[in-house]
Each structure stands twice: as structure tokens, then as C-alpha cells.
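In: The following block contains a protein sequence and its predicted model.
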Amino acid sequence: MNAEIRPVKTAAEIGLTDLFAAARKDLPGGSSTEAIRSDAFDRFAAQGLPHSRVEAWKYTDLRRLVRDAKPLAPRPEAIANPAAREAGAVFAGLGVRRLLIVDGAFIPELSDLAGLEAGVRIRATVGALEADEMVLPLEVAGTDPVAALNTAFACDGVVITVAANVVVERPIHLVFVTTGAAPAAMFTRSRLELCHRASLTLVETHEGPAQSDYQVNTAMQMDIGDKANLDHIKITSEGAAALHLATLEASIGAGANYREFGFTTGGAVVRNQLFLRLAGEGTIVSVHQASLLAGRQHADTTLTVDHAAAGSQSREVFKAVVDDEARAVFQGRITVQPGAQQTDARMMARALLLSDEAVANCKPELEIFADDVQCGHGTTTGALDDQLKFYLMARGIPEKEAEALLIQAFVGEVIDAVAREDLRDALSRTMHDWLEGRE
Amino acid sequence: MTVLLEIRGLKAEIDGRQILNGLDLTVNKGEIHAIMGPNGAGKSTLSYVLSGKPGYEITGGEVFFNGEDLLAMDPDERAAKGLFLAFQYPLEIPGVATLTFLRTALNAQRKKRGEEELSSPDVLKRVRELAKQLSIDPEMLKRPLNVGFSGGEKKRNETLQMALLEPKLCVLDETDSGLDIDALRIVADGVNRLRANDRGMIVITHYQRLLDYIVPDVVHVLSAGRIVKTGGKELALELEATGYAQYQSEAA
């Protein structure tokens, strides 16, 4: 007899079930969307919160890390809220087009929608759902339970469309900010459709109050057309007690050039999961990620890069600087499908541990079903080099400054991958601030 | 004459192995001292102990630098007080541009001494002048520190750092190793330009050749962790002819 062993539901799982039962009728979208949400929630409920025996979540056990379910955030009184207005300061003064998503809701009144370039369309996710013009299920992310939860609960976000051949010079900045004093849950869903030969720089920042243990589940779905050009930068600097679960799925067309950059400094528990499918031939993708962690932070980057067509190239570089009792997780898998010949894929993960209690779990994987490919992966974990530190100190540089210089050098390689100089400088400043904050 | 560095009965060990064994040495301002000796005599250990490299345990003796207890200071403090070690094997630091490193070091020292920090253009100007004297390609200053530099380029870069930081005591550890004759001449010229009445130098070398270019006032023979003989510059020539064998047996 086979008995299926079902673990006892956690308080958070029970809370999410109650939350969905109470909220489902009020979530945006017509009856077909409601059915999709119910399916997605059932898919989540069948698995429950992922835990360490689920391979993709091996090092990030949400059954343990998520203690309860928070109520859905009420629609904010954002217009008079200074925290909302000042959010995303890291890219202030760079002339970016700011779109504000406050407590999970897109606020057009606080967003810069004037003088939109011809061929660029920006709308709220809630509007697209109500008009039945948005498809919620995440395909590339498959059966992932956190992505399923996002589909079940997604309330609002931004939908951006860039028409074919349109080159958008001005970067678009999605400013996600949590302002509520009472801990709440925010489920946001955004979508980018970048058509044939279109070009865009898209920046995302995520932040919130330090004291509140709010919960963010955010997802971005991208459809990147043939020969399109995208720079995507995501900065996760949530409040110190926050939970941040982010899913990015992208389908990338033939001959497209896609540069992904991720930078994580804030949040108690952070999971950035990226599901990239190189769907067409001759696509070039680079993914650079850096995490700077301290205290008892836990940050997980899990990446799957699926080479589905021939002649494409991908580069993945992950760097983590881990201090105190923090933990960095990197799981990366490159899959080369049958027929994806001449794939050229390389993945490297490096962790720098600044204390004896710091932990890094790095797990790069290759899964290759074609026979004419070049693939490689590697990982290193180590402490700061004492010899190098001594060399700097022997020139008069104090110990903390010498360490900062070496840490900057370590992370610098990743930041250098950002194409635009002004954005690169802003990221360097963020790194600087983090280093200054080390005591 | 004013005493710059005074080492009395210095004993040091690493990993439980005694390397310096009661070393005495006095360097006055304006003097160049050569320290010669066989491999394993403790030459590099002396340079590391003076500059404060972690891992060495001082088991006896004392060191005064301008009258202050040198051994009580951290390496960066020693540098700010004017001690400079030119490394035998300069380290490569990927990701740190040479110029950034030079500016950071110079201003860190100035800050510690209570002097005003220099602006980037001012530092650049001084570095460029010195680079020219040492035949260093200005493009090299943009590259990561010592990464991909040849042996000669690394030693010229060390000399550049020394000239920029204007130390009171220069310790040159086997500066001639890995240098061809042209590079040796450039580096030696750079060092000689730094000779000054208020500056002392300790030139550590295995071979006499370097001392043709950097002419010392005093030559010491170091063997088994102690100075076993001291003489004028002619001692170096004598050593070249006879080798170190007699001193090794003496020490044993």
C-alpha cells in the first residue's frame, strides 16, 4: 500500500489558504482569470511552501523561513506619502522615467507618464486584468510554487509594451516601495513586451521600511522579440525584516541581446529566481548578479538558462560578499536542448566570506543534450586574501579601507557589466554605501 | 648624526621556527645600508618584521623608528610614519586600478599624519611626472595593480610608489631579482634620486651587482638571523669573490 505522506500544514500555509478564500472574489480579472487563479492556488496548495527537500529550494526552506501569512496590503494613500515620493533615490537625477508601485499598487499620479515615446505603452496590470488582456500563468517558471502564488494573488503592477524598431533612450525605472507601518503582503505582476528590434533599459528597485516584516511576492514576465535589445537592472534593498520573493521569466527571441543585472543588499529573506529561455538562434544573454549580505540575511539567487535554439551565447557571473552570520545561495543551471548546437555558455559563482559564521552555498549545473557545444561552469568560495591586504596596509591604507578596496574589486567585475556609465556609477555608490555601513 | 632606525637584539619566528636570532642594526639618516647574505639567512624576514607582516612572532628585542616603538604599530601606521617596503614579489590586485591604489595610499597616509588630502588631478599630475622618470607608460596606471605586468614593470611600479609616498626609510627587498640590466638601471636611477640627507635605506640583496648601481655606505653580512660582519662597500666585492660559505660555518 502506498500512503502519501503529507506534512502538517504550517501556520503560513493555513494563512495563505484562508487569505485566498477570502480575497479571490475581489482580485482583479474576469471569470477566466478567476479560474486561472484558482488553478494556480491549487497547484501551490498541493505542494505547500517549498522546503529543503525540494531540490530547487534546497537551501531556502520557506516552511521554516516564512512564519505567517500577512494580510493583503490595502490600496495606499500614496499621493501625500513622502516615503513613496522619495523612493528609488539611487537613480535620482539620471533622467529616468519613474513609475511608482506603492504597497503593490501602480500609482499613475506619482508616475512620470508625460511625453511617452511613440510606440511605448504603459498601463496598470489591474487595468489589463480587468479588460481580460493579460495572461497570468507563468510558463517558463513552470510549477514553481512561489510563481504559482503570484499568479493566484497578483493584484497590480505595470505592463509595458515597446513597438517594433522603437529605441527608447530614456530608461524606465519601476520604483517598488512598501510604506505601510502594519506588515502586509504585496503580490505584484508586471510584464514587458519588447517587440522586434526594439531597445530598452529597464530598472527596478525594491525597498521598504526597516522595522516591518512585510512580504513581497513580485513577478516579471518578459517577451523579448527577435533582435531586440534589453538592459534590465534589479536592485533589491528591502527593509531589514522583509521577505522578498521575486520571479523573472523571459522568453528571448532570435538574435536578441539581453543583459540582466541583479544587485541585492536588503531584506531578511530574499529569493531571486530567474527563468530565461533563449528561444531563437544567435541570442546573446548575460546575467550578472551581486549580493552584499550582513547580519542574519539570507539571499538566494536561482537561475535557469535554457538554450532552446542553436548558436546562442550566455554568460552568468554571480558574486556574493557575506559578512556576519548571513548566507548567500546561488543555484544556476544551464540547459542545452537537443538541436541547440554551437551553444556557448559559461557560468561562474564566487563567494567572499568576511566572517567565520558566514555561509555560501553555490551549486552550478550543466545539462547538455547537444553534442557540439562549449559549456563551462565553476565556483569558488574564500576569504579576503591576507597577502593582498598586507600589501595595501604596507602602503598606509588602514585595514577596513584595504578590505573595502578588495571587496570593491571583487564586486566591481559584476558592476562593470552594466553598459550605461551613469547607472554603473549609481550602483558603485550603492556598493560604497554598503561598505561604509560595515563597522 | 641622527639615528633613524635602531634594532636591538631582535628575535623573530614563524610557525615555531626561529629566523631572526638577536639582530642588531642602526641606520642613521642619510645612510644606505646593504644587507647581504645567503638564502635562508633571514633577509626577507627582516623586511617583513620591520613592515609588520602578520604571521611573524617577535620573541625578543626591540625596534625604534625615529625614537618610536615600531613593533607596536600596525602596518599602515608604520607606512604613515615613513617606512616603505619595496616587495621582492609585488602582488597583483585585480580590479584595483593602479592610479586608484596610489591615490588611496597617498591620501590615507596624509590623513593619518594630519595633512590635507590631495585632489585626484593633483595626484595624477605627480604620478605622471614620476612615471615619466621611470619610463612607465601612463596607460599602465589605468590597469589593475601589477596584473599582467612584467617583472621589470612591477619593480618600476614599486619604485614609483616609493617616490610618490616619500618615505623616511626605504627597505628594498631583493629589488634586483627578476630584472634585466636595462630595467635594473632604471630602477636604480629611481632609487638614487631618492637619496637624501633625511632619508635612510636598507638594500637587501643576494648579489653584489645591484650595489654597483646603488652604492651603499655600509655593508652587512646576515647569516642565521644575525649580523655577522659589517664593513664598507668593498665588503660586497669581497663577498662576490669568496661567497658566503665562511659566514655560514661561522654562524653554525
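Out: It's in.
In: Quick one: residues contacting the residue in the stretch 51-200 of chain B that chain A sits nearest to.
Out: With Cβ to the nearest Cβ as the measure, residue B:95 is the residue of the stretch 51-200 of chain B nearest to chain A, at 2.8 Å. Where you see a C-beta, it was placed from the backbone N, CA and C, and this is true even at glycine. By Cβ atoms under 8 Å, 6 or more residues apart in numbering or on different chains, the contact set of residue B:95 is A:408, A:409, A:410, A:412, A:413, B:144.
In: Over to the last one: give its phi and psi.
Out: As for residue B:144, its main-chain torsions (degrees, to the nearest 10) stand at phi -60, psi 150.
In: Just give me the neighbour total for it.
Out: 18 (other Cβ atoms under 10 Å in any protein chain shown).
In: Which strand residues bridge it?
Out: For residue B:144, the beta-bridge partners under DSSP bridges are residue B:97.
In: Pretty sure it sits against residue B:97.
Out: Yes. Here residue B:144 lies in contact with residue B:97, judged by Cβ atoms under 8 Å, at a distance of 6.2 Å.
In: Quickly find the element holding the residue in the stretch 101-250 of chain A that chain B sits nearest to.
Out: Residue nearest to chain B within the stretch 101-250 of chain A: residue A:233 (20.3 Å; Cβ to the nearest Cβ). Using DSSP states H and E, residue A:233 falls within strand A:229-237.
In: Give me the sheet partners of the helix or strand that that strand is followed by and which way each runs.
Out: Sequence order places strand A:243-252 as the next helix or strand after strand A:229-237, per DSSP H and E. Here strand A:243-252 has these sheet partners by DSSP bridges: strand A:215-224 (parallel), strand A:269-278 (parallel).
In: could you dump those strands to CSV with mean neighbour count and mean pLDDT?
Out: What follows is those, written out as CSV (neighbours: other Cβ atoms under 10 Å in any protein chain shown; pLDDT from 0 to 100):
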stretch, mean neighbour count, mean pLDDT
strand A:215-224, 24, 98
strand A:269-278, 25, 97
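In: give the contact list for the residue of the stretch 101-250 of chain A closest to chain B.
Out: So residue A:233 contacts A:201, A:202, A:203, A:204, A:261, A:262, A:263, A:418, A:423, A:427 (Cβ under 8 Å, 6+ apart).
In: Make TSV out of those residues and add pLDDT and neighbour count.
Out: What follows is these, written out as TSV (pLDDT from 0 to 100; neighbours: other Cβ atoms under 10 Å in any protein chain shown):
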residue	pLDDT	neighbour count
A:201	97	21
A:202	98	23
A:203	97	25
A:204	97	24
A:261	97	23
A:262	97	23
A:263	96	24
A:418	92	21
A:423	93	22
A:427	93	22
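In: Inside helices: which ones of those residues?
Out: Counting by DSSP state H, the part of the contacts of residue A:233 found in helices is A:423, A:427.
In: Confirm residue A:21 sits in a helix?
Out: Yes. Using DSSP: H, G, I helix; E, B strand; the rest coil, the assignment for residue A:21 is a helix.
In: give me the number of residues near it?
Out: By the criterion of other Cβ under 10 Å, residue A:21 has 10 neighbours.
In: low pLDDT regions in the chain?
Out: Here I'm looking at chain A. For chain A, the stretches flagged by pLDDT under 70 are A:1-6, A:439.
In: that's the other chain; I wanted chain B
Out: Where chain B drops to pLDDT under 70, the residues are B:249-252.
In: try it again with 80
Out: B:1, B:248-252 (pLDDT under 80).
In: Spell out which parts of chain A neighbour chain B.
Out: Chain A comes close to chain B at residues A:386-388, A:390-399, A:401-402, A:405-406, A:408-410, A:412-413, as judged by Cβ under 8 Å from any Cβ of the partner chain.
In: Quick check: closest non-adjacent residue to residue B:183.
Out: Take residue B:183 and drop its neighbours on the chain: the residue closest to it by Cβ to Cβ, 6 or more residues apart in numbering or on different chains is residue B:152, 3.4 Å away.
In: The one you found - that's part of a strand, no?
Out: No. Residue B:152: not assigned to a strand; according to three-state DSSP it is helix.
In: what about it, neighbour count?
Out: 17.
In: doesn't residue B:181 make contact with it?
Out: No. Using Cβ under 8 Å as the test, residue B:152 is too far from residue B:181 to be in contact (10.4 Å).
In: thinking again about what came up before, so what's the residue nearest to residue B:183 up against?
Out: With the criterion set at Cβ under 8 Å, 6+ apart, residue B:152 makes contact with B:178, B:179, B:180, B:182, B:183, B:186, B:187.
In: who wins for neighbours among these?
Out: residue B:187 (24 neighbours).
In: quick one, what contacts residue A:246?
Out: Shown in contact with residue A:246 (Cβ under 8 Å, 6+ apart): A:206, A:216, A:217, A:218, A:219, A:220, A:234, A:236, A:270, A:271, A:272, A:273.
In: So what pairs up with the second one in the strands?
Out: If I follow you right, that is residue A:216. residue A:186, residue A:244.
In: Give me the spatial nearest neighbour of the residue of chain A found nearest chain B, chain neighbours excluded.
Out: Nearest residue of chain A to chain B: residue A:409, at 2.8 Å (Cβ to the nearest Cβ). The shortest distance from residue A:409 to any non-neighbouring residue, by Cβ to Cβ, 6+ apart, is to residue B:95 (2.8 Å).
In: just residue A:9 next, same as before
Out: residue A:48 (6.7 Å).
In: The one you found against residue A:148, yeah?
Out: No. The pair residue A:48 / residue A:148 is not scored as a contact, 11.1 Å apart, by Cβ under 8 Å.
In: who has more neighbours, these two?
Out: Each of residue A:48 and residue A:148 has its neighbours counted (other Cβ under 10 Å); residue A:148 has more, 25 against 20.
In: Let's verify that one: helix, strand, or coil?
Out: Following three-state DSSP, residue A:148 is assigned to helix.
In: How about the contacts made by it?
Out: A:40, A:41, A:43, A:44, A:47.
In: Give me the buried entries from the residues you listed.
Out: A:40, A:41, A:43, A:44 (16 or more other Cβ atoms under 10 Å in any protein chain shown).
In: With adjacent residues omitted, what lies nearest to the second one?
Out: The shortest distance from residue A:41 to any residue other than its chain neighbours is 4.0 Å, reached at residue A:152 (Cβ to Cβ, 6+ apart).
In: for the third one, same thing?
Out: If you skip the residues right next to it in sequence, residue A:43 has residue A:148 as its closest partner in space, 4.6 Å away by Cβ to Cβ, 6+ apart.
In: so what's the residue nearest the centre of chain A bridging to?
Out: In chain A, the centroid-proximal residue (Cα atoms, centre = their mean) is residue A:272; its distance is 4.2 Å. The partner list for residue A:272 in beta bridges (DSSP bridges) reads residue A:246, residue A:301.
In: and chain B, which of its residues are near chain A?
Out: B:51-54, B:74-76, B:78-80, B:85, B:87, B:90-91, B:93-96, B:100-101, B:104-106, B:108-109, B:112, B:144, B:161, B:165.
In: what do you get if the cut-off is 6 Å, keeping everything else the same?
Out: Within chain B, the residues that sit near chain A (Cβ under 6 Å from any Cβ of the partner chain) are B:51, B:53, B:75-76, B:79-80, B:85, B:91, B:93, B:95-96, B:104-105, B:108-109.
In: Return the member of these nearest to residue A:342.
Out: Nearest to residue A:342 among the residues of chain B next to chain A is residue B:95, at 31.8 Å by Cβ to Cβ.
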